[in-house]
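In: Take this sequence and fold it.
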Amino acid sequence: MSNELSVAEALASLAPRVPVVARTESLAIADALSRVLALPVVARLDLPAFDNAAMDGYALRAADATGPATRLRLVGRALAGHAWGGTIGTGECVRITTGAPMPLGADAVVMQEHARVEGETIEVDGPVAASLNCRQRGEHVRTGETILAAGRRLATYDLGLIAAAGWARVQVHSRPRVGVLSTGDELADPPAPLASGGAYDGNRSMLLAEVARAGFAPVDLGICPDRAGAFDAVLERALALGLDALITTGGAAQGDADVVRQAGSVEFVALNIRPGRGVVFGLLGVGTSRMVLLGLPGNAVAAYVMYRLLARPLLDRMAGGEARMPQAVPVPLAGALRRKGGRIDYRRARYATRIDGSLAVEPLAQQGSAMLRSLADADVLIAVGPQSDYAAGDLIPSLPLDRAQ
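Out: Next up, the predicted model:
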């Protein structure tokens with residue numbers, strides 16, 4: 001185990017070797033979700049762009065409402081998108097709605113719940129502080145301020161911020177084109193009949209969907225037989241297609257038929273985790289036509305775990321972002337747990353509710369690395385180890401599984 005790396009160590013070693021896709025493109029905001037910014041976004045205007053009301057109520061001069069109760073004359077109305085054109089004088093107020101521009105002379109807004117209306121007169125409780133329930137121009141964002149840095153993967157609220165800051169389009173990195181390939185003489189795609197000892201390939205469907213969900217461009221390269229010549233032909237095809245990365249499953253161990261690990265210019269990176277134990281890494285091609293090869297284990301759960309922990313962060317780096325481990329959250333164990341110490345064991349677990357109503361995690365009974373249903377039945381992956389004994393209530397790192405919403 002002395003030569004085995006942690007996931008963090010493997011990322012630190014491999015990420016600098018992964019080339020960032022140099023291609024960029026300008027996209028309309030509506031098309032930019034989950035894309036990675038190639039250039040920072042700078043605000044084109046102040047936010048808010050003008051002083052405005054933070055509440056529905058009455059705009060007034062704080063200096064007029066220094067006592068416990070004050071009567072004011074109602075002289076106008078300001079609505080969002082429709083400013084009141086006058087200037088508030090001594091003893092006057094204006095009815096105002098949330099987001100409406102503050103009238104000249106006014107410096108506070110009293111909530112409508114704190115005002116009593118009698119015809120054209122209102123009474124407000126005081127004293128009223130200056131700037132009460134007011135949003136000041138530029139208090140959130142100033143013109144010229146960088147609001148989103150290059151390398152950020154855009155979320156839904158980022159798109160809203162970009163539009164509010166005055167932009168209709170953004171410059172993003174082009175999607176990495178990622179090939180997905182399964183290796184194995186035993187594999188077939190349904191509904192083809194299975195040969196004796198055969199199995200249907202679930203890995204490719206899973207990983208093609210993961211690649212697409214992450215915002216990359218998946219390319220299905222099918223199934224490759226366990227022959228070195230056949231795998232070489234796939235590599236040539238992938239390079240000819242101009243793929244940025246190739247993800248394979250199977251053929252990454254030390255067996256006689258493990259064609260991925262036996263390919264030239266690749267290395268095996270041993271990890272201190274299970275399921276999986278490691279990946280094949282290679283940088284193929286010449287000049288600017290370089291393709292990253294990531295060889296994942298053939299067992300389905302091991303392939304998923306290795307993709308989430310290592311391959312996906314490396315693809316994020318390729319897309320112009322940062323190679324970061326997925327964020328695990330500490331959650332109490334529902335019961336005691338014992339295991340052989342040493343490696344970090346990523347076990348499938350479900351959420352459980354404790355007697356006090358708090359959330360806990362409970363490992364599933366079946367933990368085989370080929371048991372794809374264990375992922376379907378689970379809510380989280382829990383990182384067990386390197387210690388061997390856990391008590392009920394001990395906090396354990398928990399990585400939520402991505403679910404379709």
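
In: Let me see the contact set for V128.
Out: Counting by CB atoms under 8 Å, 6 or more residues apart in numbering, V128 touches 60, 62, 65-66, 70, 108, 110. C-beta: built from backbone N, CA, C; applies to glycine.

In: Which members of those residues are classed as buried?
Out: The neighbour-count criterion (16 or more other CB atoms under 10 Å) marks 60, 62, 65, 70, 108, 110 among these as buried.

In: Make a markdown table from these and add secondary structure to it.
Out: A markdown table is the format used below for those (DSSP: H, G, I helix; E, B strand; the rest coil):
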| residue | secondary structure |
| --- | --- |
| L60 | strand |
| A62 | helix |
| A65 | coil |
| T70 | strand |
| A108 | strand |
| V110 | strand |
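
In: Pick the one among those residues closest to A130.
Out: A62 (4.2 Å; CB to CB).

In: ok, back up a step: would you point out the most distant pair within the contacts of V128?
Out: T66 and V110 (13.1 Å).

In: what comes up buried for the top helix by length along the chain?
Out: The residue-count maximum for a helix in the chain (DSSP state H) belongs to helix 228-240. For helix 228-240, the neighbour count (16+ other CB under 10 Å) marks 231, 234-235, 238-239 as buried.

In: Tell me, please, where in the protein the pLDDT is lower than the cut-off.
Out: 1-2, 254-257, 288, 404-405 (pLDDT under 70).

In: Pop the domain breakdown of it in here.
Out: 7-23+174-318, 26-45+140-173, 52-135, 329-400 (automatic domain parsing).

In: which of those sits most buried?
Out: domain 7-23+174-318 (a mean of 19; mean count of other CB atoms under 10 Å).

In: Can you get me the start-to-end distance on it?
Out: Chord length of domain 7-23+174-318, first to last residue, is 18 Å (CA to CA, to the nearest Å).

In: didn't R175 look like it was pressed against F216?
Out: Yes - assessed by CB atoms under 8 Å, R175 is found in contact with F216 at 5.4 Å.

In: Give me the common contacts of the two.
Out: A319.

In: quick one: T24 from T70, how far?
Out: Counting by CB to CB, to the nearest Å, the separation of T24 from T70 is 59 Å.

In: Looking at the buried ones among the contacts of V128, which is nearest V20?
Out: Of the buried ones among the contacts of V128, the one sitting nearest to V20 (CB to CB) turns out to be A108, at 51.0 Å.

In: what bridges to the closest one?
Out: L60 (DSSP bridges).

In: Report the contact partners of it.
Out: Neighbours of A108 in contact, by CB under 8 Å, 6+ apart: 59-62, 65, 128-134.

In: Tell me which helix or strand the closest residue to R17 other than its chain neighbours sits in.
Out: Spatial nearest neighbour of R17, chain neighbours left out: L283 (6.3 Å); criterion: CB to CB, 6 or more residues apart in numbering. Using DSSP states H and E, the secondary-structure element containing L283 is strand 278-286.

In: Just give the strands next to that strand in its sheet, each with its orientation.
Out: Here, using DSSP bridges, strand 278-286 pairs with strand 266-270 (antiparallel), strand 289-296 (antiparallel).

In: Determine which of those approaches L11 most closely.
Out: strand 266-270 (10.3 Å).

In: follow-up on the earlier one: now tabulate the strands paired with strand 278-286 in a markdown table and tack on distance to A376.
Out: Below are the strands paired with strand 278-286 laid out as a markdown table (distance: least, CB to CB, whole Å):
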| stretch | distance to A376 |
| --- | --- |
| strand 266-270 | 28 |
| strand 289-296 | 19 |
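
In: And the closest residue to Y351 other than its chain neighbours, its phi and psi?
Out: With sequence-adjacent residues excluded and distances taken as CB to CB, 6+ apart, Y351 is closest to D379, at 4.8 Å. With angles defined as degrees, to the nearest 10, D379 sits at phi -110, psi -30.

In: Please compute how far stretch 298-316 lies from its chain's middle.
Out: 16 Å (CA atoms, centre = their mean, to the nearest Å).

In: and the end-to-end length of that stretch?
Out: 23 Å.

In: Now do the helices in this protein.
Out: Under DSSP H, the chain gives helices at 7-14, 156-164, 203-213, 228-240, 300-306, 312-318, 373-377.

In: Mind checking the ones you listed for the one nearest to A336?
Out: For A336, the closest of the helices of the chain is helix 373-377, at 20.7 Å, according to CB to CB.

In: A199 contacts L187, doesn't it?
Out: Yes - counting by CB under 8 Å, A199 does reach L187; the two are 6.2 Å apart.

In: ok, now which ones touch the closest residue in space to R71 that isn't next to it in sequence?
Out: With CB to CB, 6+ apart as the criterion, R71 has its nearest non-adjacent residue at 5.1 Å, and that residue is E123. By CB under 8 Å, 6+ apart, E123 lies in contact with 69-72, 115-116.

In: same deal with S369?
Out: Contacts of S369 by CB under 8 Å, 6+ apart are 274-276, 297, 299-302.

In: Can you tell me which of those residues lies closest to A43?
Out: G276 (44.3 Å).

In: doesn't A302 make contact with the closest one?
Out: Yes - using CB under 8 Å, G276 makes contact with A302 at a distance of 4.1 Å.

In: Mutual contacts of those two, please.
Out: The contact lists of G276 and A302 share 296, 369, where a contact means CB under 8 Å, 6+ apart.

In: Go ahead and confirm V94 touches I88.
Out: Yes - at 6.1 Å, V94 counts as touching I88 under the criterion of CB under 8 Å.

In: R71 versus the residue in the chain sticking out farthest from the centre, what's the distance?
Out: Among the C-alpha atoms of the chain, the one most distant from their mean position (CA atoms, centre = their mean) is that of G119, at 53.8 Å. Distance of G119 to R71, computed by CB to CB: 11 Å.
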